[in-house]
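> Sequence and predicted structure, then a few things I'm wondering about:
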Amino acid sequence: MNPSHPGVSVFRALVPFCLALLLMAVVSPASQEFQYRERTGAESLTFLWRTEQGHDGITVTVTQDQKNEFYSSVCAQDGSTLSWHHIRRPDTDVRAERIGNRIQFSGRFGGKEIKRSETIDQRPWYQPLSYSLQRLVARGQQAATFWTIRPDTLDILAMQAKQSECETLGTGKQAFTARKVVIRLDGLLSGIWHAEYWFRLSDTLFVQYRGTHGPPGTAETAIHLIDP
């Protein structure tokens, strides 16, 4: 029986630890802050979008601060949402939390107190899609079905997302390649509406969105990263 060399033993002990650190670096988005411009018809606004690693080293907090609205989501590394907070001044301050296969709402919505619980299934909750779909692209998942909350009504919608082709966005030295992800309602109503997200291939950052938020004739909403 040959005893192990001390150096080999130390190396073997360090390998799993180093691999774990490497894996965390790959799957854990660092704290980031970006500015976007949103246009709907003649109306335009800019907003700040931030991600920040949680103190637990497991969760990520995603915030969006715009005009009189503020959104904050606590998400897992895979993009699934654990809780959500939406403020729309002056009459809305609502929170939602996933507990098992239920989403519980509390707070004020449109000036009225709200406290209710909605049943979902085992599919993930994605909020916001700018982060959750980014994680889907980062891990190479081609399609997903999920739940999301419509902020203006608090309806919980079953959705589907599918990666589409890559496209070149921007011009000249500012051009870059981005992966398009198309989202639709899940089920029989999938054909009545869709929206599109783009994520830069080099770092999977959310860079562009296009969709219509209303009945036929409603102006398209477009969102672009200001400094790509």
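All right, it came through fine.
> How about the one residue sitting closest to the centre of the chain, nearest residue that isn't a chain neighbour?
The chain has residue 131 as the residue nearest its centroid, 2.2 Å off, counting by Cα atoms, centre = their mean. Spatial nearest neighbour of residue 131, excluding adjacent residues (Cβ to Cβ, 6 or more residues apart in numbering): residue 62 at 4.6 Å. To be clear about C-beta, it is placed using only N, CA and C from the backbone, and glycine gets the same treatment.
> Just list what the helix or strand encompassing the one you found packs against, helices and strands only.
Here residue 62, judged by DSSP states H and E, is contained in strand 60-66. Applying 3 or more Cβ pairs under 8 Å, 6 or more residues apart in numbering; DSSP states H and E, we find strand 60-66 packed against strand 43-53, strand 69-75, helix 129-138.
> List the buried residues in it.
Across strand 60-66, burial judged by 16 or more other Cβ atoms under 10 Å covers 60-64.
> same thing with stretch 43-59?
Residues of stretch 43-59 classed as buried by neighbour count (16+ other Cβ under 10 Å): 47, 49, 51, 53, 59.
> Same question for stretch 125-141.
Using 16+ other Cβ under 10 Å as the test for burial, stretch 125-141 gives 125-138.
> okay if I get those as JSON lines plus pLDDT and distance to residue 166?
Below are these laid out as JSON lines (pLDDT from 0 to 100; distance: Cβ to Cβ, whole Å):
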{"residue": "125", "pLDDT": "98", "distance to residue 166": "28"}
{"residue": "126", "pLDDT": "98", "distance to residue 166": "22"}
{"residue": "127", "pLDDT": "98", "distance to residue 166": "26"}
{"residue": "128", "pLDDT": "97", "distance to residue 166": "23"}
{"residue": "129", "pLDDT": "98", "distance to residue 166": "19"}
{"residue": "130", "pLDDT": "97", "distance to residue 166": "18"}
{"residue": "131", "pLDDT": "97", "distance to residue 166": "20"}
{"residue": "132", "pLDDT": "98", "distance to residue 166": "20"}
{"residue": "133", "pLDDT": "98", "distance to residue 166": "15"}
{"residue": "134", "pLDDT": "97", "distance to residue 166": "15"}
{"residue": "135", "pLDDT": "97", "distance to residue 166": "18"}
{"residue": "136", "pLDDT": "97", "distance to residue 166": "15"}
{"residue": "137", "pLDDT": "97", "distance to residue 166": "11"}
{"residue": "138", "pLDDT": "96", "distance to residue 166": "15"}
